[in-house]
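> Pasting the sequence and the predicted coordinates here, then a few questions.
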Amino acid sequence: MLFARSRSVPLLLIVVSAAIAWPALAADIGQIKVAKGQVTIERDRQSLQGAVGMRLQSSDVLKTGEDGSVGITMTDNSLLSAGPNSILSFDRYEFDATTQQGKFDASLQKGSLSVVSGRIAKQSPDAMIVRTPATILGVRGTEFVVSAGE
Amino acid sequence: MHGLRRPAGRTLALAVLACGLGACAYNKGTVVLLPEGGGRDTAVIVTQGEQKIVLDQPYAAVRQTAFGPRAYESNAQEVTRTFGSALAAQPARPQSFTLYFIEDKVEFSDDSKRIIEGVFAEIARHPVPDIVVVGHTDRTGADLKNDKLALDRAETVRAELISRGIAPENVVAVGRGSREPVVPTAVGVAEARNRRVEIIVR
């Protein structure tokens, strides 16, 4: 009896910790709210068709076609939207909803991007960075547009 | 291969011509700070190599050229021309609603029941709503207790939203404890306006 009970405790712990760890593994960083024309998400060497409602993960790369545009709301309330012929990658994204601290690094390899910064940029000055092939943008806030050519 | 190279050469020739005419059309991109309401602190710091330019006025802009960043003043027309599609795809701004609680309890006040109706009207406007319920406490009580109470309040509201038909995977509950009082008070002050839950619909 005693033996059976002592075995069941670690088993329960494993089940509980697995349940807690799961959302962290599949962490959503944002959601596609607007999609027009051709939009693709490159994830783990796979190419997925981007559609309204899809959730993004860190290190996703978004691409829009000649007729494409896409709008994303991030979990820190920032809004990013890209115009046609754009490549936007989410290089790093961390956001603690309780402390509201985080880190957000994105890069626009080409195309056009509009940004409304959210909670991450508000909490500390160097927490949000947008890169283009030529420049680094330190985002204090809040609304700006950036384009990157060839 | 040959077909790929020719347009690039033509673009460069055009760019050199344009630069020679004083309207440098060939560049590696632009950054424009947009005007906004509310007068909040806003700035973008653009770094290219060793050079740094701070944009902190509406339409302050930087054009990246092969010779380094060039500051200039942009305008609404130029922004629309270059960024019209990107701006048109911008998602709706997150909307925030606040519910108040009876001290130390997780019960709604009467006003709050009405606000819930507004939340549902907003949710109906979003094709793919995701909702964050953020619980807050006032500055009485220990941090640990407040964090738990804040989360309990958020969970109560989350459960209420789910019971009224919102899909569980679209609602997240978060506890902020006493970290973000709307009314700044000393520690230990009971303040009804700080005992609240914010519902963010986005």
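Cool, got the structure. The structure presented is a predicted model; accordingly, all values stated were derived computationally and were not measured.
> Just the buried residues of the longest helix anywhere in chain B, please?
For chain B, the longest helix by residue count, based on DSSP state H, is helix B:143-163. For helix B:143-163, the neighbour count (16 or more other Cβ atoms under 10 Å in any protein chain shown) marks B:146-158, B:160-161 as buried. For glycine as for every other residue, the C-beta is placed from the backbone atoms N, C-alpha and C.
> Would you map the strands across chain B?
Here chain B has its strands, by DSSP state E, at B:30-33, B:43-48, B:51-55, B:60-65, B:68-73, B:95-100, B:131-136, B:171-175, B:196-201.
> for chain A, what are the low-confidence residue spans?
For chain A, residues meeting the criterion pLDDT under 70 lie at A:1-26, A:150.
> quick revisit: of all the buried residues of helix B:143-163, which comes closest to chain A?
Distance to chain A, by Cβ to the nearest Cβ, is smallest for residue B:147 among these, at 7.4 Å.
> that older thread, when you check chain A, which of the buried residues of helix B:143-163 turn up near it?
residue B:147 (Cβ under 8 Å from any Cβ of the partner chain).
> re the thing from before, save the strands of chain B as TSV, and put in mean pLDDT, distance to residue A:121 and mean neighbour count too.
TSV is the format used below for these (pLDDT from 0 to 100; distance: least, Cβ to Cβ, whole Å; neighbours: other Cβ atoms under 10 Å in any protein chain shown):
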stretch	mean pLDDT	distance to residue A:121	mean neighbour count
strand B:30-33	96	13	26
strand B:43-48	93	10	21
strand B:51-55	94	14	16
strand B:60-65	91	17	21
strand B:68-73	92	21	14
strand B:95-100	92	18	17
strand B:131-136	95	17	25
strand B:171-175	95	19	21
strand B:196-201	94	17	22
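> JSON lines for the ones you listed, including distance to chain A?
Below are the strands of chain B laid out as JSON lines (distance: least, Cβ to the nearest Cβ, whole Å):
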{"stretch": "strand B:30-33", "distance to chain A": "5"}
{"stretch": "strand B:43-48", "distance to chain A": "4"}
{"stretch": "strand B:51-55", "distance to chain A": "7"}
{"stretch": "strand B:60-65", "distance to chain A": "5"}
{"stretch": "strand B:68-73", "distance to chain A": "7"}
{"stretch": "strand B:95-100", "distance to chain A": "9"}
{"stretch": "strand B:131-136", "distance to chain A": "7"}
{"stretch": "strand B:171-175", "distance to chain A": "4"}
{"stretch": "strand B:196-201", "distance to chain A": "7"}
